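Colleague: Need a 3D model of the sequence below.
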Amino acid sequence: MTAVRTLLTVVVATALLGASLPAVEEARVDRTAARLDATATRLSDAAAGLVAADDPVPPGERGASRTVVVALPAGGFADARADYLSVGGLPNDSRATTVGYRVAGGPPRRLEAGVRFFVGERPLALPPGRHTLRLTLVRRGGHVGVRVHVAGRADTGAGARTETARPTTAGGSGR
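Modeller: Residues are numbered from 1 along each chain as shown. Predicted coordinates:
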């Protein structure tokens with residue numbers, strides 16, 4: 001009789017686990033998407049703050065800048081894998097004012113930043129991990145925007161935290 005109860009307990013536990021796994025995966029994807037939405041918004045806000053608060057300087061001079069640290073989860077128990085975070089468009093869609101991302105092979109998501117990003121010929125696509133981005137206010141071709149480049153990649157841990165943007169110039173003038 002004990003063997004029957006044990007077998008029945010294992011069968012019920014397996015059925016419950018199987019029924020709950022899709023909900024757990026959906027929660028992981030939703031959690032990661034919410035984190036990346038917040039990261040994209042914070043990055044956009046930091047760029048917009050530079051444009052609103054400072055003036056671009058002539059080429060060759062050091063302009064106002066900010067450093068933003070972003071973390072993209074590589075996947076784990078609580079988070080789904082972030083495929084990428086992109087600045088200046090999506091990997092196959094260059095829109096200079098877009099920050100986008102994709103979670104776990106799902107559809108790309110985009111945030112219109114309202115600020116022109118200068119990142120090169122193609123959008124800047126960051127893989128999972130922790131990245132330090134340098135945002136610098138510039139004027140190019142008659143357009144004011146923010147140049148974005150990767151200043152460093154600290155690690156690839158899924159538990160890395162995203163820090164808020166912080167000014168790196170005294171008084172925000174950058175001069």
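Colleague: Just say helix, strand or coil for residue 62.
Modeller: Here residue 62 is coil, with the state taken from DSSP: H, G, I helix; E, B strand; the rest coil.
Colleague: how deep is it tucked in, by neighbour count?
Modeller: Counted with other CB atoms under 10 Å, residues neighbouring residue 62 total 10. Every residue, glycine included, has its C-beta placed from N, CA and C.
Colleague: Equivalent analysis for the one 4 residues further on, please.
Modeller: Residue 66 is surrounded by 23 other residues when neighbours are defined as other CB under 10 Å.
Colleague: Residue 69 too?
Modeller: When counting by other CB under 10 Å, one arrives at 20 neighbours for residue 69.
Colleague: before we move on, what SS does it have?
Modeller: Here residue 69 is recorded as strand under three-state DSSP.
Colleague: There's contact between it and residue 130 in this structure, I believe.
Modeller: Yes - under the contact definition of CB atoms under 8 Å, residue 69 touches residue 130, with a separation of 6.6 Å.
Colleague: lowest-pLDDT helix or strand in this protein?
Modeller: When the helices and strands of the chain are scored by mean pLDDT, DSSP states H and E, strand 166-167 comes last with a mean of 35.
Colleague: wait, doesn't residue 33 sit right on residue 103?
Modeller: Yes - assessed by CB under 8 Å, residue 33 is found in contact with residue 103 at 5.2 Å.
Colleague: where exactly do the helices run in this protein?
Modeller: Ranges of helices in the chain, per DSSP state H, are 2-53.
Colleague: sorry, back to before: list residues touching both of residue 33 and residue 103?
Modeller: In the contact map built from CB atoms under 8 Å, 6 or more residues apart in numbering, the residues linked to both residue 33 and residue 103 are residue 109.
Colleague: Please say which of those two ends up with more neighbours.
Modeller: A direct count of neighbours by other CB under 10 Å for residue 33 and residue 103 places residue 103 higher, at 26 against 18.
Colleague: Roughly how far does residue 48 sit from residue 36?
Modeller: From residue 48 across to residue 36, the span is 18 Å (CB to CB, to the nearest Å).
Colleague: Those two: who's more crowded?
Modeller: The residue with more neighbours, out of residue 48 and residue 36, is residue 36; 27 against 14, by other CB under 10 Å.
Colleague: Counting neighbours, what do you get for the residue nearest to the more buried one when sequence neighbours are not counted?
Modeller: For residue 36, ignoring the flanking residues on the chain, the nearest one in space by CB to CB, 6 or more residues apart in numbering is residue 101 at 4.5 Å. If you count neighbours by other CB under 10 Å, residue 101 ends up with 25.
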